[in-house]
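Undergrad: Predicted model, plus sequence, below.
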Amino acid sequence: MVTGVAWYTSSEWARVKATALDPERFEASFEEWFAMAEKALADLRKAGVDAQKYLVSAQELREWCAEKGVSNDAAARSRFVSEKLRSHSHAGGA
């Protein structure tokens, strides 16, 4: 089973954080987030988890939230990445 990890460019991270209901869940800076995310990804993989990055677009997340009738919060971001990664793997024939 694949586990999706939200991944951001610096500008997309800032856009997602700016529109989040829970901006306090984000690190203070992109650099802090990036260091935490790299460590978390390495830890998951070390534990045997098939963790894969999913590059999040703020616009795509915003549209998905509107379509699902949910707000940009941690639960929605997690669900978004999970659904997108699943649909990408199915589209690829996996």
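TA: Received, thanks.
Undergrad: Buried residues in stretch 12-26, which are they?
TA: Within stretch 12-26, the residues scored as buried using 16 or more other C-beta atoms under 10 Å are 12-13, 15-17, 20, 26. (Each C-beta comes from the backbone N, C-alpha and C, glycine too.)
Undergrad: Closest to Q59 out of those residues?
TA: Nearest to Q59 out of these is R15 (C-beta to C-beta; 8.0 Å).
Undergrad: can you give me phi and psi for that closest one?
TA: phi -70, psi -40 (degrees, to the nearest 10).
Undergrad: which residues touch it?
TA: A58 (C-beta atoms under 8 Å, 6 or more residues apart in numbering).
Undergrad: Likewise for L44?
TA: Counted by C-beta under 8 Å, 6+ apart, L44 has contacts 3, 5, 51.
Undergrad: Could you tell me what pLDDT the model assigned to the closest residue to A74 other than its chain neighbours?
TA: Take A74 and drop its neighbours on the chain: the residue closest to it by C-beta to C-beta, 6 or more residues apart in numbering is R25, 5.3 Å away. What the model reports for R25 is a pLDDT of 95.
Undergrad: how far away is R25 from H88?
TA: Per C-beta to C-beta, to the nearest Å, R25 is found 25 Å from H88.
Undergrad: For K84, which non-adjacent residue is spatially closest?
TA: Y54 (5.7 Å).
Undergrad: Show me which positions of the lowest-mean-pLDDT helix or strand in the chain end up buried.
TA: Ranked by mean pLDDT, DSSP states H and E, the helix or strand of the chain with the weakest confidence is helix 74-91, at a mean of 87. For helix 74-91, burial by neighbour count (16+ other C-beta under 10 Å) applies to 76-77, 79-81, 84-85.
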